[in-house]
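Peer 1: structure for the following, please:
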Amino acid sequence: RQILAGAGGRVLLEVSPDRQGRYRLAVQDSGPGIPAEALTRVGAEHQVPIVVSMHPRTRSRLEAFGMTDLVAGLRVLPPLGFFDFLALERDAACVLTDSGTVQEECCILHVANVTTRDVTERPETVECGSNVIAGVDPDRIATAVRAALQRERNWTVPPEYLAPAVSSTVANILLSEQQH
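Peer 2: Okay, the predicted model is just below:
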């Protein structure tokens with residue numbers, strides 16, 4: 001639980017860039033991700049810790065490119081297991097991510113989410129009000145975080161996210177496809 005310690009014992013903002021080769025903190029490419037400038041700006045504006053779960057390969061790339069200053073001021077954690085990461089999401093006030101799965105998890109957990117891409121494969125999260133699409137521009141990300149933090153967390157989770165026995169249903173579909 002100590003990894004969740006932040007302002008007042010609560011991690012207020014979290015960042016979860018998770019796509020290999022799409023981590024703007026680590027590689028100098030044009031792929032989407034979360035620009036370091038946006039992270040430092042959001043942390044400074046809201047006076048909260050920014051938590052980043054970072055793969056060792058990403059950290060070594062930062063060191064190799066002489067870019068470790070990009071994570072100065074961020075709380076960098078090693079890669080987390082599913083349940084530890086879910087706990088971090090649950091206790092966050094806002095999550096910045098480019099992961100569709102994290103968008104779904106935040107919606108279910110009633111945690112505000114800012115997607116750092118121009119589109120999402122989870123439009124239902126935007127429609128219900130749990131997700132704000134920001135792209136990768138630091139100004140747009142900062143504005144989206146402000147909006148997300150001001151929203152009530154009383155959205156209705158899409159019913160398909162709460163369907164019981166989904167794994168059994170998927171297994172049955174796959175097994176029936178194999179028989180045809």
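Peer 1: for the rest of this, base every contact and every neighbour count on C-alpha atoms.
Peer 2: Will do.
Peer 1: okay, now the unreliable bits of this protein?
Peer 2: Across the chain, the ranges flagged by pLDDT under 70 are 1-33, 55, 67, 70-72, 178-180.
Peer 1: strands of that one, residue ranges please.
Peer 2: Using DSSP state E, the strands found in the chain span residues 13-16, 50-53, 75-77, 94-97, 112-115, 131-133.
Peer 1: quick one, what contacts Ala144?
Peer 2: 114, 132-134 (CA atoms under 8 Å, 6 or more residues apart in numbering).
Peer 1: return the members of the residues you listed classed as buried.
Peer 2: 114, 132-134 (16 or more other CA atoms under 10 Å).
Peer 1: could those be laid out in CSV, adding distance to Leu74?
Peer 2: Listed next are these as CSV, based on distance: CA to CA, whole Å:
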residue, distance to Leu74
Val114, 18
Val132, 22
Ile133, 23
Ala134, 21
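Peer 1: residue nearest the centroid of this protein?
Peer 2: The chain has Thr97 as the residue nearest its centroid, 2.9 Å off, counting by CA atoms, centre = their mean.
Peer 1: which residues touch the closest residue to Val42 other than its chain neighbours?
Peer 2: Nearest non-adjacent residue to Val42, counting by CA to CA, 6 or more residues apart in numbering: Ala142, 5.8 Å away. The neighbourhood of Ala142, defined by CA under 8 Å, 6+ apart, consists of 38, 41-42.
Peer 1: just those: which are in helices?
Peer 2: Under the assignment DSSP state H, the contacts of Ala142 contribute 38, 41-42 to helices.
Peer 1: who wins for most neighbours among these?
Peer 2: Val42 (22 neighbours; other CA atoms under 10 Å).
Peer 1: quick one: closest of the strands of the chain to Ala64.
Peer 2: Closest of the strands of the chain to Ala64 is strand 75-77, at 17.2 Å (criterion: CA to CA).
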